[in-house]
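Visitor: sequence? don't have it. structure:
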């Protein structure tokens, strides 16, 4: 299928729960042959990945005491800081037309149009002179695909470093010693750049890359009640933090596919409950790993058979590496 329609929507809210709910709504209402570009901002917010431990990734009490928000998104990946100096983008599209490289090209060309030496670095980062200005994450449900990320224009890097708990292992793997030294604001290249300038550039290049004229997403297609219901869910304690489990054993490691923290509640040598937290981009895997571990004998050779319970090869390889790590620890 080829694209027939480009739609754009700019949120007029800076509340993360509303904006994430609106993103989910637009995802589920992307028509066949349509690509939606959604642009949005959040005020003083830490957004964690679907499988991350909120307390490990963010100084939650300080953030909320300072009037900020803790939010959890639908996609995998790591925690990010949003403020009014950051612009978020989302591409919402059906699987037949999904192309992460082409979507990233929109962001790159828009940034490059200001004379900034932007490049794609790996699968999920966009950088300039080796410093990150955009992190990307991905999510799929059924036939609907979401590709979203940040664009740092004049974000407060001091607050970013203060509220985020970035592990030393992650910083070391990037060859830097602080969050601030790893990221760059685009205003360092273009001092007078405004959020609206980047919005205009993104919409213009969106049309150029896909060869169609973008139109505003019709207000008649947006159901406010459904979005408000979604916002209540994303704001809920259960969604943002989840249930704490009593645990006796814990393993934390940095693996080839991301950092992982596994906690076990064991009774009579059997794993009764498990929690698997990770910043891996694969939002599905931690849940599958948790299901596989529950009911097994803790630390037993039974764990070596768990990779074969995974349906696809990528998950089997991830589970094999996780099992190897767990067996070493136990």
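Guide: Cool, got the structure. Everything quoted here is computed from the prediction, not taken from an experiment.
Visitor: which helix or strand contains residue 6?
Guide: strand 5-10 (DSSP states H and E).
Visitor: which other residues reach whichever helix or strand comes after that strand?
Guide: For strand 5-10, the succeeding helix or strand toward the C-terminus, using DSSP H and E, is helix 16-28. For helix 16-28, contacts defined as CB atoms under 8 Å, 6 or more residues apart in numbering pick out 9, 11, 13, 36, 38, 40-43, 45, 47, 69, 71, 73-74, 82, 88, 90, 92, 139, 141, 144-146, 148, 217, 222-223, 226-235. The C-beta positions use only the backbone N, C-alpha and C, and glycine is treated the same way.
Visitor: from those residues, which land in strands?
Guide: 9, 36, 38, 40, 45, 47, 69, 71, 82, 88, 90, 92, 139, 141, 144-146, 148 (DSSP state E).
Visitor: only whichever of those are buried, select them in PyMOL.
Guide: Entered in PyMOL, the line below selects the buried ones among the ones in strands among the contacts of helix 16-28, by 16 or more other CB atoms under 10 Å:
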select buried, resi 9+36+38+40+45+47+69+71+82+88+90+92+139+144+145+146+148
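Visitor: re the thing from before, tell me the angle of the strand holding residue 6 relative to helix 16-28?
Guide: Inter-element angle recorded for strand 5-10 and helix 16-28: 170 degrees (by axes from the mean of the first three to the mean of the last three CA atoms, to 10 degrees).
Visitor: and strand 5-10, average pLDDT?
Guide: On average, the pLDDT along strand 5-10 is 98.
Visitor: and for stretch 216-235?
Guide: pLDDT averaged over stretch 216-235 gives 97.
Visitor: and if you look at stretch 104-113?
Guide: Computed over stretch 104-113, the average pLDDT equals 98.
Visitor: residue 114 versus residue 153, what's the distance?
Guide: The gap separating residue 153 from residue 114 is 10 Å, by CB to CB, to the nearest Å.
Visitor: pick out whichever of those two has more residues nearby.
Guide: Per other CB atoms under 10 Å, whichever of residue 153 and residue 114 has more neighbours is residue 153, with 21 against 14.
Visitor: for that one, what are its contacts?
Guide: 85-87, 185-187, 193-195, 198 are the contacts of residue 153 under CB under 8 Å, 6+ apart.
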